[in-house]
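In: Using only what follows, build the 3D model:
(one chain, ligands or ions: 2)
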Amino acid sequence: MRKTVSILGSTGSIGKQALNVITDLSDKFNLFGLAAGANIEALKEQIIKHKPKIVSVQDEKAALELKKEFPKLEILFGREGLEQIAGNKQNDIALIAVSGTAGLYPTIAAINNNINVALANKETLVSAGSLVMKLAKEKKVNIIPVDSEHSAIYQCISNKDKDFIKKLIITGSGGPFRTRTLKDMQNATVAQALAHPKWSMGSKITIDSATLMNKGLEVIEAHWLFNIDYKDINVVIHPQSIIHSAVEFVDGSVIAQMGIPSMHIPIQYALTYPQRCKGIESETLSLTQVSRLDFEEPDLNKFPCLKLAYQSGKSGQTYPTVLNALNEVAVEEFLNTQIKLTDIPNIVEEGLNKHNPMPANDLNAIIAADKWGRDFAKNLINKYLIKK
Ligand code: NDP
Ligand code: MG
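Out: Ligands and ions are numbered 1, 2, ... in the order given. The predicted model follows:
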């Protein structure tokens with residue numbers, strides 16, 4: 001039977017690859033909705049090519065512009081638009097691939113309407129993991145991870161093995177500064193920080209990969225998805241990005257998931273789960289061509305963001321929400337060439353030190369903590385502003 005899918009964040013890196021997957025498996029999927037932010041030109045092309053039943057954009061002006069060109073199409077906007085598309089009962093599954101905290105609301109809308117979620121947006125679980133996982137359990141909704149590390153772990157754990165996990169091993173390439181000095185990082189340009197050695201992704205996550213905040217967010221994401229204590233989640237740097245993550249079981253057996261570094265594979269797995277279908281990559285993994293796999297400890301002095309993420313995860317309450325909000329603002333300011341790359345952890349640390357935590361079990365507390373973090377980071381930018 002065909003599955004009906006909506007893709008939120010369709011003009012982004014994950015969204016475009018998801019459209020490749022459903023086009024390639026057109027006998028398996030119907031497309032229902034598409035949601036984008038501000039890239040209206042790309043969305044127009046997608047509407048013509050993929051013929052969604054409903055679309056949403058970030059603001060009303062863009063929605064009106066689109067309406068002129070597609071008068072018969074239902075066009076929504078804003079947070080409500082995202083929620084209506086993700087939560088529409090026609091969906092069998094909603095892929096949440098918008099970037100940033102904007103992913104939280106449509107994820108909740110989908111779960112509330114008993115729609116399975118393919119979750120690419122990691123900020124949702126970092127910011128509101130307790131709330132989202134509790135709701136998903138209540139509603140008996142599957143949250144199938146798209147993030148490659150979490151997809152790997154999901155694939156390594158069959159249901160019967162859940163009680164026998166000893167620890168999770170999350171791998172990461174180490175990003176563009178793995179072999180560079182701290183001084184190189186201090187002077188890094190936006191272009192250098194965006195030059196990821198293994199993955200081509202949106203700019204926010206690529207900067208997070210350069211500071212290793214991405215691994216930190218992934219540790220928190222894994223904690224919520226798999227209900228594993230932080231002390232049992234290890235990060236290992238693996239520059240070849242062939243092992244996408246692994247699980248150690250109580251008997252000492254370690255199961256890892258491998259493949260070429262391609263997001264098509266975890267996106268497809270999340271959409272076709274629990275089935276597997278022929279993939280769209282023509283290249284497959286050749287271990288002899290890769291020839292060696294290297295592993296090293298992450299350098300927490302060079303990459304303090306990873307340490308801050310562990311600390312805020314372990315401290316719990318609204319600390320991870322605030323970590324995420326502070327980081328989102330700081331990354332944006334770095335991308336706008338206002339602050340140095342190495343000031344991102346400084347801003348995050350200052351904010352975490354000043355935060356008065358609250359229990360993170362209701363949406364209002366999360367929204368308030370998120371706002372507090374954003375305001376705090378914005379007020380701090382002047383202190384770190386690059387003199388031009
Ligand atoms: P991109 O920046 O490439 O794309 C983001 C998408 O979200 C775009 O379609 C953008 O629209 C849309 N968007 C952003 N804000 C809003 C909003 N307020 N309302 C509606 N749409 C919005 O990001 P990625 O595809 O790289 O990443 C998406 C998510 O997946 C992130 O949370 C990231 O952490 C996660 N992820 C990504 C991976 C990757 O390989 N790229 C791997 C693992 C996780 P527009 O461009 O039209 O403005
Ligand atoms: Mg990842």
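In: Setting the sequence-adjacent residues aside, check what's closest to the closest residue to ligand 1 within the chain.
Out: Closest residue of the chain to ligand 1, C-beta to the nearest ligand atom: G12 (1.9 Å). Placement of C-beta: from N, CA and C, glycine included. In this structure, G12 finds its nearest non-sequential neighbour in G202, 5.4 Å apart by C-beta to C-beta, 6 or more residues apart in numbering.
In: The one you found: neighbouring residues, count only.
Out: By the criterion of other C-beta atoms under 10 Å, G202 has 17 neighbours.
In: Tell me who's in contact with F295.
Out: Residues near F295 by C-beta atoms under 8 Å, 6 or more residues apart in numbering: T171, V236, I237, H238.
In: about what we covered before: quick check: the residue nearest to G12 touching S99?
Out: Yes. Using C-beta atoms under 8 Å, G202 makes contact with S99 at a distance of 5.5 Å.
In: who touches both of the two?
Out: Counting by C-beta under 8 Å, 6+ apart, the shared contacts of G202 and S99 are G12.
In: rewinding a little: quick one: which two of the contacts of F295 are the most distant?
Out: T171 and I237 (7.5 Å; C-beta to C-beta).
In: More neighbours: which of those two?
Out: Taking other C-beta under 10 Å, T171 and I237 do not tie; T171 has more neighbours (27 against 19).
In: if I've got this straight, the more buried one is in a helix?
Out: No. According to DSSP: H, G, I helix; E, B strand; the rest coil, T171 belongs to no helix; its state is strand.
In: need the residues of the protein near ligand 1, please.
Out: 9-15, 35-39, 58, 82, 97-100, 102-103, 120-123, 147, 199, 201-202, 204-205, 263 (C-beta under 6 Å from any ligand atom).
In: what about burial for those residues, which qualify?
Out: 9-15, 35-37, 39, 58, 82, 97-100, 102-103, 120-123, 147, 199, 201-202, 204-205, 263 (16 or more other C-beta atoms under 10 Å).
In: out of the residues you listed, who's near ligand 2?
Out: D147 (C-beta under 5 Å from the ion).
In: Now, the buried ones among the residues of the chain next to ligand 1 that are in strands?
Out: Judged by DSSP state E, these include A35 as members of strands.
In: Out of the contacts of F295, which is nearest to K340?
Out: Closest approach between these and K340, by C-beta to C-beta: I237, at 22.9 Å.
In: May I have the beta-bridge partners of the closest one?
Out: Note on I237: beta-bridge partners by DSSP bridges are G172, E296.
In: Surely K166 is within a strand?
Out: Yes. Secondary structure of K166 (three-state DSSP): part of a strand.
In: who's in contact with it?
Out: Contacts of K166 (C-beta under 8 Å, 6+ apart): D232, E248, F249, V250.
In: Tabulate the residues you listed (JSON lines), appending neighbour count and distance to L352.
Out: Shown next, in JSON lines, are those (neighbours: other C-beta atoms under 10 Å; distance: C-beta to C-beta, whole Å):
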{"residue": "D232", "neighbour count": "15", "distance to L352": "23"}
{"residue": "E248", "neighbour count": "19", "distance to L352": "30"}
{"residue": "F249", "neighbour count": "16", "distance to L352": "34"}
{"residue": "V250", "neighbour count": "11", "distance to L352": "34"}
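In: In strands, which of the residues you listed appear?
Out: Going by DSSP E, the strands hold E248, F249 from the contacts of K166.
In: Need the contacts of K166 in CSV (columns: pLDDT).
Out: Formatted as CSV, the contacts of K166 follow (pLDDT from 0 to 100):
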residue, pLDDT
D232, 98
E248, 97
F249, 96
V250, 96
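In: Closest to S315 out of the contacts of K166?
Out: Of those, the one sitting nearest to S315 (C-beta to C-beta) turns out to be D232, at 17.1 Å.
In: Perfect, I'm done here.
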